[in-house]
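K.L.:
Next comes the sequence, and after it the predicted model I'd like to discuss.
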Amino acid sequence: MSVIVVGAGIVGLSVAYEALLSGAAVTIIDRDPEGDKASFGNAGGIAVTEVIPLSVPGLWKKVPFWALDPLGPLAVRIRHTPHLFPWLWRFAKVGSASEVRRISGALAEINSRVYDDLVPLFNKVGLANDLFRKGALTVYESESGLRRDRPEWDAKRALGVESQELSASQVRDMEPALGPIVKNGVFTPQWSHVSDPKRIVDVLRCWLADNGAEILQDQVDRVEPRTDGAALTLNGGKTLRAAKIVIAAGVWSAQLAKQLGDRVLLESERGYNTTIASPGVVLEREVIFADRKFVATPLSIGLRIGGAAEFGGLKAAPNFNRSKALVTLAKLYLPGIKEEGGVEWSGHRPATPDSLPVIGRSGPSPRIIYAFGHGHLGLTQGPTTGKIVGDLLFERKPCLNVEPFSVARFS
């Protein structure tokens with residue numbers, strides 16, 4: 001069977017991996033297969049404990065304060081606001097208690113499989129030494145901050161997340177570089193991080209090429225079903241055909257789905273980070289700064305400080321003052337940090353309003369399968385998404401219930 005995968009990020013490459021292992025002839029198409037998109041520049045966390053959606057009861061009380069801060073954790077570009085209204089309306093609707101319970105159950109189910117799928121893939125392609133299972137540390141500036149988040153930690157524990165509250169001294173025993181601003185924290189042992197997200201996708205892409213996958217650099221302008229399969233049209237007008245096509249093009253997937261008659265609420269949630277090769281401080285694991293909504297991850301290439309959520313569409317220029325603001329915040333927690341030589345980055349997370357990815361067959365075109373919209377969890381859920389899509393490609397029973405991820409939920 002021939003399969004074309006549109007998109008060479010971690011999700012698309014994971015789909016190609018599963019299809020190749022099952023015996024398909026695989027072609028991967030991306031306009032920039034070695035580029036610097038979300039799979040390249042993310043924070044590097046395997047965030048299996050993130051089982052609560054972004055929209056929760058009471059969030060809307062905080063949004064205006066965040067949005068009014070030009071360098072705060074959330075920003076909306078004014079010109080993009082009218083386009084964003086349908087997404088925001090759905091985001092508000094799924095923030096009810098009943099919807100949060102439903103969505104959390106689906107997130108917990110897919111995240112419960114992550115290591116079952118990720119570890120064998122890493123071992124197979126030569127990345128066994130690039131996964132660090134050291135947990136993560138969420139830190140707070142006050143007891144009131146931790147108290148505020150306890151209901152969420154309780155909800156996570158009910159869904160299988162392991163966590164342990166720590167005092168200030170226990171936090172600093174784990175991460176001595178943290179300063180006195182940290183008053184307590186929560187350790188989550190199931191979390192892990194990778195050596196460098198770029199290395200992960202580079203090694204996987206090279207393994208696929210070495211094992212028979214064809215990788216084409218081109219832009220896909222159109223996808224359409226055919227009686228004997230599916231076809232796509234490249235930017236220069238060339239048409240390629242396959243038995244099945246998988247759309248895994250991140251935030252750019254929505255326009256292809258629209259051509260097929262599937263409505264998708266998908267927005268670019270731009271993230272920012274700075275990677276400092278010689279930061280002057282050492283962390284053993286990813287640290288999440290709960291009060292300020294950013295993270296720091298020790299990668300093989302340096303300390304990556306990342307976060308922020310900016311909604312401005314795909315065409316707006318990045319505002320790297322947000323990267324600089326994150327480094328300024330990091331100094332509050334890591335007083336020994338040196339910022340010289342930091343490399344700034346910005347990329348587009350593909351965000352759905354309900355925090356669930358889109359995985360499954362196109363409604364009008366079942367030979368075309370979707371695998372996009374993973375938001376902050378692309379690296380985490382990529383290999384498991386590949387496993388699910390591999391099952392769908394070969395008409396096997398999926399390894400988990402895919403109904404919550406169906407594109408039909410937006411109809």
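P.N.:
Great, that's in hand. Residues are numbered from 1 along each chain as shown.
K.L.:
Give me the domain ranges for the chain.
P.N.:
According to automatic domain parsing, the chain comprises the domains 2-40+199-265+355-410, 49-95+130-193+266-351.
K.L.:
I'd like the next helix or strand past the least confident helix or strand in the chain by mean pLDDT.
P.N.:
Ranking every helix and strand in the chain by mean pLDDT, DSSP states H and E puts helix 63-68 at the bottom, with a mean of 68. Counting by DSSP states H and E, the next helix or strand C-terminal to helix 63-68 is strand 74-76.
K.L.:
For the helix or strand just after that next one, the averaged confidence score.
P.N.:
Sequence-wise, the next helix or strand downstream of strand 74-76 (DSSP H and E) is helix 81-93. Per-residue pLDDT over helix 81-93 has a mean of 93.
K.L.:
about what we covered before: looking at the domains of the chain, which is buried most?
P.N.:
Mean neighbour counts were taken over those using mean count of other Cβ atoms under 10 Å, and the top value, a mean of 21, falls to domain 2-40+199-265+355-410. Where C-beta positions appear, they are placed from N, C-alpha and C, glycine not excepted.
K.L.:
End to end on that one, go ahead and measure it.
P.N.:
Domain 2-40+199-265+355-410 stretches 29 Å from its first residue to its last (Cα to Cα, to the nearest Å).
K.L.:
I'd like the domains of the chain written out as CSV, with distance to Ala108 added.
P.N.:
As requested, the domains of the chain are exported to CSV (distance: least, Cβ to Cβ, whole Å):
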stretch, distance to Ala108
domain 2-40+199-265+355-410, 11
domain 49-95+130-193+266-351, 4
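K.L.:
between those, which gets nearest to Ser104?
P.N.:
Across the domains of the chain, the minimum distance to Ser104, taken as Cβ to Cβ, is reached by domain 49-95+130-193+266-351, at 5.4 Å.
K.L.:
end to end, how far does that closest one reach?
P.N.:
Using Cα to Cα, the end-to-end distance of domain 49-95+130-193+266-351 comes out at 18 Å.
K.L.:
Then stretch 75-83?
P.N.:
One end of stretch 75-83 sits 15 Å from the other (Cα to Cα).
K.L.:
Now do it: everything it contacts.
P.N.:
By Cβ atoms under 8 Å, 6 or more residues apart in numbering, the residues outside stretch 75-83 that reach it are Ala67, Leu84, Ala308, Ala309, Glu310, Phe311, Gly312, Gly313, Ala316, Asn319, Arg322.
K.L.:
And that stretch, how far out from the chain middle?
P.N.:
Average the C-alpha atoms of stretch 75-83, do the same for its chain, and the two points are 22 Å apart (Cα atoms, centre = their mean, to the nearest Å).
K.L.:
got it, and stretch 206-216?
P.N.:
Its chain's C-alpha centre lies 24 Å from the corresponding centre of stretch 206-216 when counted by Cα atoms, centre = their mean.
K.L.:
With only the CA atoms kept, save it in PDB.
P.N.:
Output of stretch 206-216 as PDB, limited to C-alpha atoms (Å, rounded to 0.1, in the frame of the first residue of the first chain):
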ATOM      1  CA  CYS A 206      17.300  10.200   8.600                       C
ATOM      2  CA  TRP A 207      16.300   6.700   9.800                       C
ATOM      3  CA  LEU A 208      13.100   6.800   7.700                       C
ATOM      4  CA  ALA A 209      15.100   7.900   4.600                       C
ATOM      5  CA  ASP A 210      17.700   5.100   5.200                       C
ATOM      6  CA  ASN A 211      14.900   2.600   5.500                       C
ATOM      7  CA  GLY A 212      13.000   3.400   2.300                       C
ATOM      8  CA  ALA A 213      10.800   6.400   2.900                       C
ATOM      9  CA  GLU A 214      10.900   9.100   0.200                       C
ATOM     10  CA  ILE A 215      11.200  12.600   1.500                       C
ATOM     11  CA  LEU A 216      10.100  15.400  -0.800                       C
END
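K.L.:
So for that stretch, mean pLDDT?
P.N.:
In the prediction, stretch 206-216 has an average pLDDT of 98.
K.L.:
circling back: which one of the contacts of stretch 75-83 is nearest to Gly212?
P.N.:
When these are compared against Gly212 (criterion: Cβ to Cβ), the nearest one is Gly313, at 37.6 Å.
K.L.:
Nearest spatial neighbour of that closest one, chain-adjacent residues omitted?
P.N.:
Computed as Cβ to Cβ, 6 or more residues apart in numbering, the closest residue to Gly313 that is not its neighbour in sequence is His80, at 4.6 Å.
K.L.:
is it true that Ile181 lies in a strand?
P.N.:
No: according to DSSP: H, G, I helix; E, B strand; the rest coil, the state of Ile181 is coil, so it is not within a strand.
K.L.:
quick one: the strands in the stretch 51-200 of the chain?
P.N.:
According to DSSP state E, counting those that start in this stretch, the stretch 51-200 of the chain carries its strands in the segments 74-76, 131-132, 136-140, 164-167, 184-188, 192-194.
K.L.:
Pick out the shakiest of these, pLDDT-wise.
P.N.:
Among the strands of the stretch 51-200 of the chain, strand 74-76 scores lowest, with a mean of 84.
K.L.:
which residue of the chain sits farthest from its center?
P.N.:
Taking Cα atoms, centre = their mean, the residue of the chain most remote from its mean C-alpha position is Thr227, at 34.3 Å.
K.L.:
now that one: how far from Arg241?
P.N.:
Taking Cβ to Cβ, to the nearest Å as the measure, Thr227 falls 11 Å from Arg241.
K.L.:
swap in Leu329?
P.N.:
Counting by Cβ to Cβ - Leu329 and Arg241 are separated by 51 Å.
K.L.:
Save the strands of the stretch 51-200 of the chain as JSON lines, and put in distance to Leu392 too.
P.N.:
Formatted as JSON lines, the entries for the strands of the stretch 51-200 of the chain read as follows, by distance: least, Cβ to Cβ, whole Å:
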{"stretch": "strand 74-76", "distance to Leu392": "35"}
{"stretch": "strand 131-132", "distance to Leu392": "26"}
{"stretch": "strand 136-140", "distance to Leu392": "32"}
{"stretch": "strand 164-167", "distance to Leu392": "38"}
{"stretch": "strand 184-188", "distance to Leu392": "31"}
{"stretch": "strand 192-194", "distance to Leu392": "27"}
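K.L.:
so which of the ones you listed gets nearest Gly237?
P.N.:
Sorting the strands of the stretch 51-200 of the chain by Cβ to Cβ, the top spot, which is the nearest, belongs to strand 74-76 at 37.4 Å.
K.L.:
This completes my enquiry, with thanks.
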